[in-house]
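Undergrad: Here you go, sequence then predicted model.
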Amino acid sequence: MAARPATKPLVSALPPRKAGEVRYWLLKQEPEAFSFDDLLRAPKRTTCWDGVRNYQARNYMRDHMAVGDQAFYYHSNAEPPGIAGICEIVRAAYPDHTAFDPADDHFDERSDPDAPTWYMVDVRALEAVDPVFPLETLRTLPGLDGMLLLQRGSRLSVQPVTAAHWKRIRAAIAKR
DNA sequence: GCCAACGTTGGC
DNA sequence: GCCAACGTTGGC
């Protein structure tokens, strides 16, 4: 058994939230499906984050997100890929009803309405990051060691971001 | 469009 | 429980 590479210190279990603590996240979305501009144009600048079908991503949403947490809105499969906006969680996890709808792309026949498998949260746009702050630039910033997004093969669509990384990135965006 | 990396599935 | 096959993600 080879040693687990040092580049893989996944934050799978987060410590308990302290009273009043704000947590930070990164939410991936393909702009072709729903861009940050789409969110700005949505009623109340709010949408439900439906369609997550990965257990780890679900666990972060269901077990660790709270109203008031903030998140980077990240455009994946985009040109360029990068941070397109800042948003906040405005509703904590509740069942993802799209899993119950056979007509929906994200239908999952195994998700039982009486014991839902999949959950979503509601997010509201706070401000655009315009132009997009590119992944390529994130890779050049010091102080982002261990950031999940920057690790090879990282595909998780809901990722925790440490407060230190959040501050570092916000500062880099502001100073640009 | 390519393809490496990943998560899930299912045979055994 | 192992692990090969498969489908998906997402940068490039």
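TA: Sure, I can see it.

Undergrad: what does chain A put close to DNA strand C?
TA: Neighbours of DNA strand C within chain A, by CB under 7 Å from any atom of the strand: A:28, A:30, A:76, A:77, A:78, A:81, A:135, A:136, A:139, A:155, A:156, A:157. C-beta here means a position set from N, CA and C on the backbone, and glycine is covered the same way.

Undergrad: Relative to DNA strand B, which of the residues you listed is nearest.
TA: Closest to DNA strand B out of those is residue A:155 (5.2 Å), distances taken as CB to the nearest atom of the strand.

Undergrad: Next, give phi and psi for the closest residue to DNA strand C within chain A.
TA: Across chain A, the shortest distance to DNA strand C (CB to the nearest atom of the strand) belongs to residue A:81, at 3.5 Å. Dihedral pair for residue A:81: phi -70, psi 140, per degrees, to the nearest 10.

Undergrad: contacting residues around residue A:143?
TA: A:164, A:165, A:168 (CB atoms under 8 Å, 6 or more residues apart in numbering).

Undergrad: Spatially nearest residue to residue A:113, not counting backbone neighbours?
TA: residue A:100 (5.5 Å; CB to CB, 6 or more residues apart in numbering).

Undergrad: if I pick the one you found, what's in contact with it?
TA: Applying CB under 8 Å, 6+ apart, the residues contacting residue A:100 are A:107, A:111, A:113.

Undergrad: returning to what we had before: can you put the residues of chain A next to DNA strand C in JSON lines and add pLDDT and secondary structure?
TA: Below are these laid out as JSON lines (pLDDT from 0 to 100; DSSP: H, G, I helix; E, B strand; the rest coil):
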{"residue": "A:28", "pLDDT": "97", "secondary structure": "strand"}
{"residue": "A:30", "pLDDT": "96", "secondary structure": "coil"}
{"residue": "A:76", "pLDDT": "97", "secondary structure": "coil"}
{"residue": "A:77", "pLDDT": "96", "secondary structure": "coil"}
{"residue": "A:78", "pLDDT": "95", "secondary structure": "coil"}
{"residue": "A:81", "pLDDT": "97", "secondary structure": "coil"}
{"residue": "A:135", "pLDDT": "97", "secondary structure": "helix"}
{"residue": "A:136", "pLDDT": "96", "secondary structure": "helix"}
{"residue": "A:139", "pLDDT": "96", "secondary structure": "coil"}
{"residue": "A:155", "pLDDT": "93", "secondary structure": "coil"}
{"residue": "A:156", "pLDDT": "95", "secondary structure": "coil"}
{"residue": "A:157", "pLDDT": "96", "secondary structure": "coil"}
